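Enquirer: structure, please.
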Amino acid sequence: MARYRELFSLTPAQREELSRWTKSRSLPAGDVFRARLILALADGMTYSAIKRSLGTTAPTIARWKQRFEAFGIEGLEPQHKGSKPRTATPTVQAKVCRRVQQKPKDGSTHWSVRKLAAEMGVSKSSVHRILSQARLQPHRLGRYMASNDPDFESKAADIIGLYLEPPQHAAVFCVDEKTAIQALDRLDPVLPLSPGRAERHGFEYYRHGTLSLFAALDVKTGKVQGKTAKRHTSSEFIRFLSELVNRARWAKEIHIVLDNLSAHKTKAVDEFLAQHPKVRFHFTPTYSSWLNQVELWFAKIQRDLLARGIFTSVADLARKIRKYIRAYGKVASPFRWSYSDPTRRIANPIDGTAH
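Expert: Predicted coordinates:
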């Protein structure tokens, strides 16, 4: 045993360095293991004792002993082939980003990750990472409608001004109609929500009929006044306006934001406005329904009630819509718009201020 210790000895510096490794909490576990193994050999422990103490094998002990004897502490560095160099170099990343913005040659409309990976000769994981970092999403599609109204800026500024700074002692309403709402009844029973399974509706349905919903959103409170009608006509629209004006008798002015539907511009509507001089219409620019805040509420009732609702009749549909409006009125709050890009604002042509 004494002869063995003489053949395998450590310098004071080596022992100090290896002892520091064994006490470290930041070094990799493999480094700590190899330091303990060499110190055990230097202390004269047998292979059997080291195997029991460190939970290793004799070939492992012999391999690291040989490397330490040949190269010292540097020989304890892990010896492995290493990973392949990354193929996603800046040049490859630029090529992927440029190619994904071009149409595939096979006639398809857009790239998938696997198709682009095969085209560029890199892994799909690399392509996915490159596209994520560049915020490129070829699988998604957004739609838009550009307004061709020559007076877009002045009309938009007028409406946004009503939202931000409404006149004193005035009521501001956003009015529109949701037409042809179908009263759909499912022929098969609904399978309810359960763990691991979404609610399921049968594919077949029975159509009981349709109705239209007239709605006016109070910009100040966010509450909605609604009225259902069998048909969407100018006379029904005027009847709804009459009810709205009657409920807002307190207001010195009534400003109504609405779109350019033909039912809003009939001779009967002009006569109604002549008889009610405190009512003023503010028409949104063409293809700009997003300026009408009631459209936000229409999207909400569509999600909450209409998309998945089951209605046994048109009367049942009307009843559930009225119930939803009453419940919404108890928790309603005004919509607050915000700009994500302050540089993209609409200038008021009158005073030059931005809204």
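
Enquirer: CA atoms for contacts and neighbours, from now on please.
Expert: Fine.

Enquirer: longest strand anywhere in the protein?
Expert: Among the segments of the chain that qualify as a strand by DSSP state E, the longest is strand 170-186.

Enquirer: which elements pack onto it?
Expert: Contacts defined by 3 or more Cα pairs under 8 Å, 6 or more residues apart in numbering; DSSP states H and E place strand 170-186 against strand 205-218, strand 253-258, helix 294-301.

Enquirer: direction included, what does the shortest one pair against?
Expert: Spelled out, that is strand 253-258. Note on strand 253-258: by DSSP bridges, its sheet partners are strand 170-186 (parallel), strand 279-283 (parallel).

Enquirer: most neighbours per residue, which of the helices and strands packed on strand 170-186?
Expert: strand 253-258 (a mean of 22; mean count of other Cα atoms under 10 Å).

Enquirer: quick one: average confidence on that strand?
Expert: Strand 253-258 shows a mean pLDDT of 96.

Enquirer: quick one, helices of the stretch 101-250 of the chain?
Expert: Under the criterion DSSP state H, counting those that start in this stretch, the stretch 101-250 of the chain contains helices at 113-120, 124-134, 152-164, 234-247.

Enquirer: indicate which one of the ones you listed is closest to residue 10.
Expert: helix 124-134 (46.7 Å; Cα to Cα).

Enquirer: buried stuff in the closest one?
Expert: Neighbour-count burial for helix 124-134, counted by 16 or more other Cα atoms under 10 Å, picks out 124, 126-128, 130-131.

Enquirer: and residue 20, what helix or strand is that in?
Expert: helix 12-23 (DSSP states H and E).

Enquirer: that older thread, out of the helices of the stretch 101-250 of the chain, deepest packed?
Expert: The most buried one of the helices of the stretch 101-250 of the chain (mean count of other Cα under 10 Å) is helix 152-164, showing a mean of 18.

Enquirer: re the thing from before, quick one: the buried residues of helix 124-134 as a markdown table, columns for pLDDT and distance to residue 46 too.
Expert: Output for those, formatted as a markdown table (pLDDT from 0 to 100; distance: Cα to Cα, whole Å):
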| residue | pLDDT | distance to residue 46 |
| --- | --- | --- |
| 124 | 90 | 51 |
| 126 | 91 | 49 |
| 127 | 93 | 52 |
| 128 | 93 | 52 |
| 130 | 93 | 53 |
| 131 | 94 | 56 |
